[in-house]
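Colleague: Fold the following and give me the result.
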Amino acid sequence: MSLIIHRNGDRATVSAPAEAFTGTVLISPVIVTPKPASIRSVDVSFAPGGRTFWHHHPMGQTLRVTSGMGLVALRGEAPQVIRAGDTVFIPPDVEHWHGATPTTGMSHIAFQEEPEGETVWLDAVSEDDYTLTPA
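Modeller: Numbers count the residues shown, from 1 in each chain. Coordinates of the predicted model:
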């Protein structure tokens with residue numbers, strides 16, 4: 001097997017699907033590794049107010065915040081503030097959401113192993129959950 005190099009600009013940035021995101025969110029592919037590896041990664045940019053729906057990952061998810069300030073929350077808990085340079089690990093099958101604050105944008109690179117399935121998308125994050133005072 002030889003190296004796989006994805007050149008900057010070779011793959012399109014797309015708008016995030018309305019069935020899984022609220023607000024203006026752009027997704028740029030980073031990598032989907034060939035088997036037997038199982039890493040999937042995307043670079044996600046959230047405009048103020050943009051966020052994911054509730055979701056979970058069978059093997060967990062890691063987020064590396066690359067710019068701005070955002071929020072991440074587990075179901076039933078107040079959101080936590082995350083900033084550029086922060087790295088967050090969400091354990092396997094734990095329902096969560098992440099995105100920008102109401103007034104600041106945020107970008108992160110999301111990494112997850114997905115050998116047996118992809119992200120499980122659930123319901124939209126309610127305004128009440130989104131606007132809870134951060135912990």
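
Colleague: use CA for all of it now, contacts and neighbours both
Modeller: Fine.

Colleague: and the longest strand for the chain?
Modeller: strand 61-74 (DSSP state E).

Colleague: For Y130, which non-adjacent residue is spatially closest?
Modeller: In space, Y130 comes closest to P79 once its chain neighbours are excluded; the distance is 7.6 Å by C-alpha to C-alpha, 6 or more residues apart in numbering.

Colleague: what sits against that neighbour?
Modeller: Residues counted as contacts of P79 (C-alpha atoms under 8 Å, 6 or more residues apart in numbering) are L71, V72, A73, Y130, L132, T133, P134, A135.

Colleague: repeat that for 6 Å
Modeller: L71, V72, A73, P134 (C-alpha atoms under 6 Å, 6 or more residues apart in numbering).

Colleague: Now the residue nearest in space to the middle of the chain. Its backbone dihedrals?
Modeller: The residue lying closest to the centre of the chain (C-alpha atoms, centre = their mean) is A110, at 5.2 Å. Note on A110: backbone dihedrals following degrees, to the nearest 10 are phi -100, psi 130.

Colleague: and the nearest residue to it once chain neighbours are set aside, bridged to which residues?
Modeller: Spatially, and ignoring its direct neighbours in sequence, A110 is nearest to L63 (4.6 Å; C-alpha to C-alpha, 6+ apart). Beta bridges link L63 to V88, A110 when assigned by DSSP bridges.

Colleague: Return the residues in contact with L63.
Modeller: L63 makes contacts with T87, V88, I109, A110, as judged by C-alpha under 6 Å, 6+ apart.

Colleague: how much space between the closest residue to the first one other than its chain neighbours and R7?
Modeller: Put plainly, it is T87. Once flanking residues are discounted, T87 sits nearest to R64: 4.5 Å by C-alpha to C-alpha, 6+ apart. From R64 across to R7, the span is 21 Å (C-alpha to C-alpha, to the nearest Å).
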